[in-house]
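Student: heads up, no residue letters with this:
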């Protein structure tokens, strides 16, 4: 919390905060992929078996809810950190660029991972990349905000 409240924080603290943020984002994405993979595997198993029991339908529904929750966690984490960064650096929008570039790298990595995994498994690239769609649009909006702020500053 000191990183957020200090006006001139220690650079080491910023690096630790960035690392923690990236680890949480990757962890939430990894959980999402794992749950999505399990959901697809169960779906394929049940459709090949003929009839589906009520218990199987409930299990599939529960897995779908957890997948949605982890996808939402990814979005909420990104959005909250972006709002904190904008609030903190509204007078110096150029300081938002490292956050934006780290997220571009993260989203490109997720996209590349999605492509590779979709080729190796039965999972579709759209399902794998789904958690980054909304954050990517928000990131574009952040770049527009930073550009506007830098132009306004002169």
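Tutor: Cool, got the structure. Please read these numbers as outputs of a predicted model, since none were measured by experiment.

Student: buried sites along the strand or helix carrying residue 81?
Tutor: Secondary structure from DSSP states H and E places residue 81 in helix 54-88. In terms of neighbour count (16 or more other Cβ atoms under 10 Å), helix 54-88 has its buried residues at 60, 63, 66-67, 70-71, 73-75, 77-78, 81-82, 85-86, 88. Heads up, the C-betas are built off the backbone N, CA and C, glycines and all.

Student: now swap in stretch 90-110 and tell me
Tutor: Buried residues in stretch 90-110, defined by neighbour count with 16+ other Cβ under 10 Å: 93, 96, 99, 100, 103, 106, 107, 110.

Student: Same question for stretch 27-46.
Tutor: Of the residues in stretch 27-46, those buried under the neighbour-count criterion (16+ other Cβ under 10 Å) are 28, 29, 31, 32, 33, 35, 36, 37, 39, 40, 43, 46.

Student: still on that earlier bit, I'd like the average pLDDT over the helix holding residue 81.
Tutor: Averaging pLDDT along helix 54-88 gives 91.

Student: Equivalent analysis for stretch 112-131, please.
Tutor: For stretch 112-131, mean pLDDT rounds to 93.

Student: what comes into contact with it?
Tutor: The set of residues external to stretch 112-131 that reach it, using Cβ atoms under 8 Å, 6 or more residues apart in numbering, is 28-29, 32-33, 36-37, 40, 44, 70-71, 74-75, 110-111.

Student: Make TSV out of the residues you listed and add secondary structure and distance to residue 120.
Tutor: Converted to TSV, those look like this (DSSP: H, G, I helix; E, B strand; the rest coil; distance: Cβ to Cβ, whole Å):
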residue	secondary structure	distance to residue 120
28	helix	22
29	helix	17
32	helix	17
33	helix	12
36	helix	14
37	helix	11
40	helix	13
44	helix	16
70	helix	21
71	helix	21
74	helix	22
75	helix	26
110	helix	16
111	helix	15
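
Student: picking that back up, turn the buried residues of stretch 27-46 into a markdown table, columns for pLDDT.
Tutor: Formatted as a markdown table, the entries for the buried residues of stretch 27-46 read as follows, by pLDDT from 0 to 100:
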| residue | pLDDT |
| --- | --- |
| 28 | 96 |
| 29 | 96 |
| 31 | 96 |
| 32 | 96 |
| 33 | 95 |
| 35 | 94 |
| 36 | 92 |
| 37 | 91 |
| 39 | 88 |
| 40 | 86 |
| 43 | 79 |
| 46 | 74 |
